[in-house]
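>>> What follows is a protein structure lacking sequence information:
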């Protein structure tokens, strides 16, 4: 079991040049925190220096509850924005799902193998389909009492989840969430949706893509923002199709794609590898 | 040197079921034409049967100039639309290019290795950049006399190309062609353009994609139709990018992608592998 | 529900040229069998013509039990080797598995969605691990009584499976099967194994690949032949790795790869798309 | 024009933990060198910390000729192995080529676009084929006087290249180089070769792969070591093939693959992104 801390941080480039990085290194060393991984990135267009630091907590002489107080002077001096995470904390994850359960089944299997280090506290659905799968994996399953009433359903979910949840995964949850609900879980809610070249708007996108004779179909996972499908992109991938693929084949390939693209995004989030800024992500792999 | 003929054909499904395929086979055998390859596809949505047949002309007892007259009764009986091509005919190809010459250089190299079986009759450009490359490959280079006047340039090209050209490749030709010019070369003009998930409209798409933090960039080759970038798609591919890629890196990866996606499309066209119908393609590989 | 027949056939090239294809077409039409799909391939090196034909059984006037008797004269005249399959027959599939159950879980999920059109008659294992998964999917689970005794285990499996099984999938079954067992199920047994560039022999291949610093890892699915991992290749794929991937990451990526590569092979087999000849496959997609 | 320095370094993990990283950061800051990029990697199996640091030389107050003297105490204290490179130094590159010139043509084109920041000082060949291409790009072309005499040819090349060359690219140079020649240019010589799953030994590997019915073909670029094709791997990639690909198609796809895999390796080397240790590479992208 790893007992480490991860710091995701950004600082204006001029501060990075004036020694922010060295100062952070010195701070950690002074407190006997040995750095295991560091990765950084310079967004010269935005004049921002972005970094992910992971260090061993064995021997680190600041109790984590005291970290903020100790780090604050440094953060202020260099205008550092940061997020601290402990790798032995198991985030609490909720999954929202509708009738299509392929992403859910994949997430539950990966959770079972230990690939996704989190506690799945609940599966919420507007359909009964996923219940047996939830039961098999011993995850509490909650079916919305009145799925047709969107506002009531969101209130129901808010009550159920409160602020105890660290991450909500929309594993093909086919309801558009209202801005109030989204605002509660900003940058804590990951969605998966298909994406095509060119893009198709409206219903039945796979049928449209088939009609248009595309040669690739794709999927995109992203954080949910007020603009729904316009939030920061985490991961994308595509798969090749040809005229021999029927719409059903395309749907089947799309399911396989959605599974891997969503599970990668969830894993990277749980491993504290994603830094979001200005509606885009840096994924430190 | 192959001495074969290729027939690209379509027939309504009900005629295919009533023996169109067997009748064509019998027709070829009766005339001592042995089939080397046959490939077909059923578009059940459009109720169309599509096929590509290639047969040996050695021993085939109908002179090619007489083929149409002999095949006509069959075509009428089964409502067959068809296109006949001879593999030992070398299509005449013209390339239009602007300042970026990566696709041109790639096409010329492949032409030199024999990968593209055609005669490149001319390279036309609104810039002088490509001249040395054209000279090196001994291809006539023609620079438009007044590139700023789009209509005059199109008239100049029409005069130059006439109807002697079988295929026009827009190898990053950065001028939008008018409907009159397009109409002259319908389904005989192949273009390459970038394509992204999500799609970005307007200028500097790579810069927009960079700003949006996409994880893939793509390219699409297609026949040019009246709707310009909306013509039948021939080929698409993508390449992975990350935050570590600068806009320049993305442009560089985009160039590599455009080269292969365009050259595949040109090759398949020259090999008579592409059947276009209802604004989509079947590529018989 | 499709009610069609599939013919996978090969004939020497000289017979194909003399009208074997047209004769088969005529045979089907004469018996009111309308061809829905045909795909063929010419292996010029081996002088063989290979084909897959699918036709509608509605209206076909030969009872399937009489097909062989009716088709025999044609087959003899053109030296046609063939295999007939009915698409509404659900093949009986058995899965052999050891402790790693990722491929099994994937196959069972796909079976549940209808993607794999077969009846899974049993899951046999030398470990108890997979039992809950088998139970959840209501598939009989059989644990070998004395897994350490390889010969006894094979006899046990032979008794259990007999000749009632159409396909055996080795979903990470970690025992080398003896030649007698293999001989019973030739071309009816599909295996999955890792494959690397360069290849690594001996134990812990992922550890060896990690030590060597490879940039890709791969998986291959194939029919099991007497030479075990040297049987006809059905499908292969790779995934990119870098120095940032630990051995555990590589194992995890390898699992994802094995799942898709195996499930594609199984699906293509069940859909009668694979023609095997001279230790290689043609997959008609 | 970038005016930066790059440090590729390794240090035992225990020193990294004791502050090697912070000490280097402090050293750079003390001398007004602002870090633009840093990337590191921990090889826990080998107990090694590996890092790539790039900093701005504008304002850096140590003349580069004095860097070693100044850095030495730090390097000794933390047992740091390092390699220093200046990004505005243009490495001198030689290309060895035989009759197949696809990789050469690709490298020269990329050099022309500025993608490969180096001076190509000579192209050496045992064939005359590449001369026109070399002339077109104004690169001196040298044809070996007695290509059949391998030892004499190597002496000839050694005389020609001496120690003035920073990188030798074997762009499909089809002669096996002797250990003496290799020893002169260790880790300064990059080769490209095909690679298959499974691997095929002996002549005509593409023909063997075709016979075996593989579904993927690959290429690997690597540094040349005494064990020839067993040197540290820099990059690998694959492309999909099917039964429809003839041996010629496979050779053609293989050429495209070799071009991109080799050019990536050369570019990363020129950008000082590759750290080699214990016969493997870390590529800091």
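Thanks, I have the structure now. A quick note: this is a predicted structure, and the numbers were derived from the prediction, not measured. Numbering: from 1, shown residues only, chains lettered A, B, ... in the order given.

>>> Wondering if stretch A:259-268 reaches chain C at all.
Yes - applying CB under 8 Å from any CB of the partner chain, one finds stretch A:259-268 touching chain C at residue A:260. C-beta here means a position set from N, CA and C on the backbone, and glycine is covered the same way.

>>> do stretch A:4-11 as well
No - if you take CB under 8 Å from any CB as the test, stretch A:4-11 misses chain C, and the best it gets is 14.3 Å.

>>> C-terminal to the helix or strand that contains residue A:36, what's the next element?
Using DSSP states H and E, residue A:36 falls within strand A:35-43. Using DSSP H and E, the helix or strand that directly follows strand A:35-43 along the chain is strand A:48-56.

>>> How far away from the center of its chain is that next one?
How far strand A:48-56 lies from its chain's middle: 18 Å, per CA atoms, centre = their mean, to the nearest Å.

>>> The strand holding residue A:36 versus strand D:35-43: what angle between them?
For strand A:35-43 against strand D:35-43, the angle by axes from the mean of the first three to the mean of the last three CA atoms, to 10 degrees is 150 degrees.

>>> Please see if strand A:35-43 touches chain B.
Yes - using CB under 8 Å from any CB, strand A:35-43 reaches chain B at A:41, A:43.

>>> Name the nearest residue to residue A:151, ignoring sequence neighbours.
residue A:178 (6.9 Å; CB to CB, 6 or more residues apart in numbering or on different chains).

>>> The one you found and residue A:150 touch, don't they?
Yes - in this structure residue A:178 lies within contact range of residue A:150 using CB atoms under 8 Å: 6.9 Å.

>>> Compare those two and say which one has the larger neighbour count.
residue A:150 (16 against 12; other CB atoms under 10 Å in any protein chain shown).

>>> ok, the more buried one - contacts?
Residues near residue A:150 by CB atoms under 8 Å, 6 or more residues apart in numbering or on different chains: A:175-176, A:178.

>>> could you redo the last one with a cut-off of 6 Å?
Residue A:150 makes no contacts at all, as judged by CB atoms under 6 Å, 6 or more residues apart in numbering or on different chains.

>>> How about residue A:250?
Neighbours of residue A:250 in contact, by CB under 6 Å, 6+ apart: A:206, A:210, A:217, A:241.

>>> Residue A:79: how many residues sit nearby?
12.

>>> where does it land on pLDDT?
You'll see residue A:79 listed with a pLDDT of 96.

>>> re earlier: for the residue nearest to residue A:151, grab phi and psi.
phi -70, psi 160 (degrees, to the nearest 10).

>>> Quick check: it vs residue A:157, distance?
Distance of residue A:178 to residue A:157, computed by CB to CB, to the nearest Å: 11 Å.

>>> The helix or strand in which residue A:7 is found pairs with which strands, parallel or anti?
Assigned by DSSP H and E, residue A:7 belongs to strand A:4-12. Its sheet considered, strand A:4-12 pairs with strand A:48-56 (antiparallel), strand A:81-86 (antiparallel) by DSSP bridges.

>>> Just the residues contacting it, thanks.
A:20, A:47-57, A:78-87, A:272, A:275, A:277.

>>> ditto for stretch A:165-184
Residues contacting stretch A:165-184 (CB under 6 Å, 6+ apart): A:91-98, A:100, A:103-104, A:154, A:185, A:188-191, A:224, A:226, A:266.

>>> Put the buried members of those residues into a ChimeraX selection.
A single ChimeraX command is used to select the members of these judged buried by 16 or more other CB atoms under 10 Å in any protein chain shown:
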select /A:91,92,93,94,95,96,97,98,100,103,104,154,185,188,189,190,191,224,266
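
>>> Would you report which members of the contacts of stretch A:165-184 are assigned to strands?
A:92-97, A:189-191 (DSSP state E).

>>> Could you dump those residues into CSV and include pLDDT and distance to chain D?
Shown next, in CSV, are those (pLDDT from 0 to 100; distance: CB to the nearest CB, whole Å):
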residue, pLDDT, distance to chain D
A:92, 98, 29
A:93, 98, 28
A:94, 98, 34
A:95, 98, 33
A:96, 98, 35
A:97, 98, 33
A:189, 97, 30
A:190, 97, 25
A:191, 96, 28
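
>>> Name the nearest residue to residue A:264, ignoring sequence neighbours.
residue A:235 (5.0 Å).

>>> any idea of the angle the helix ranked longest in chain A forms with helix C:247-270?
Criterion DSSP state H: the longest helix present in chain A is helix A:247-270. With the same axes, to 10 degrees defining the directions, helix A:247-270 sits at 170 degrees from helix C:247-270.

>>> could you give the angle of helix A:247-270 to strand A:92-97?
Using the same axes, to 10 degrees: helix A:247-270 against strand A:92-97 is 170 degrees.

>>> Centre of the chain to helix A:247-270, how far?
That offset, for helix A:247-270, works out to 14 Å (CA atoms, centre = their mean).

>>> got the buried residues for that helix?
A:249-270.

>>> Next secondary structure after that helix?
Using DSSP H and E, the helix or strand that follows helix A:247-270 in sequence is strand A:274-277.

>>> that older thread, please verify my assumption that the residue nearest to residue A:264 contacts residue A:262.
No - with contacts counted by CB atoms under 6 Å, residue A:235 stays clear of residue A:262, the gap being 8.2 Å.

>>> overlap in contacts of these two?
In contact with both residue A:235 and residue A:262: residue A:221, using CB under 6 Å, 6+ apart.

>>> any idea how far stretch A:265-281 is from the chain center?
The answer for stretch A:265-281 is 6 Å, by CA atoms, centre = their mean.

>>> what about it, start to end distance?
Terminal residues of stretch A:265-281 are spaced 11 Å apart (CA to CA, to the nearest Å).

>>> Of the contacts of strand A:4-12, grab the buried ones for PyMOL.
In PyMOL, a selection of the buried entries from those looks like this (16+ other CB under 10 Å):
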select buried, chain A and resi 20+48+49+50+51+52+53+54+55+56+57+78+80+82+85+87+272+275+277
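
>>> Distance-wise, check the one residue in chain A that gets nearest to chain C relative to residue A:130.
Chain A approaches chain C most closely through residue A:136 (4.8 Å), counting by CB to the nearest CB. Distance of residue A:136 to residue A:130, computed by CB to CB: 10 Å.

>>> Which of these two has more residues huddled nearby?
residue A:130 (24 against 16).

>>> thinking that one is in contact with residue A:99, fair?
No - using CB under 6 Å, residue A:130 is not in contact with residue A:99; the gap is 8.3 Å.

>>> what comes into contact with stretch A:95-114?
A:116, A:120, A:123-127, A:129-130, A:133, A:137, A:169-174, A:255, A:258-259, A:262-263, C:105, C:109.

>>> Just the buried residues of the residues you listed.
For these, buried by 16+ other CB under 10 Å: A:116, A:120, A:123-126, A:130, A:133, A:137, A:169-173, A:255, A:258-259, A:262-263, C:105, C:109.

>>> Restricted to helices, list those.
Per DSSP H, these map to helices at A:133, A:255, A:258-259, A:262-263, C:105, C:109.

>>> Show me where the stretch 1-150 of chain A dips below the pLDDT cut-off.
A:1 (pLDDT under 70).

>>> Can you pull the residues of chain A lying near chain D?
Proximity of chain A to chain D, by CB under 6 Å from any CB of the partner chain, involves residues A:17, A:19, A:21-22, A:25-26, A:29, A:34, A:36, A:38, A:40, A:42.

>>> For chain B, state which of those is nearest.
residue A:42 (9.8 Å).

>>> I'd say residue A:264 and residue A:234 touch.
No - contact criterion CB under 6 Å: residue A:264 and residue A:234 do not qualify, at 7.8 Å.
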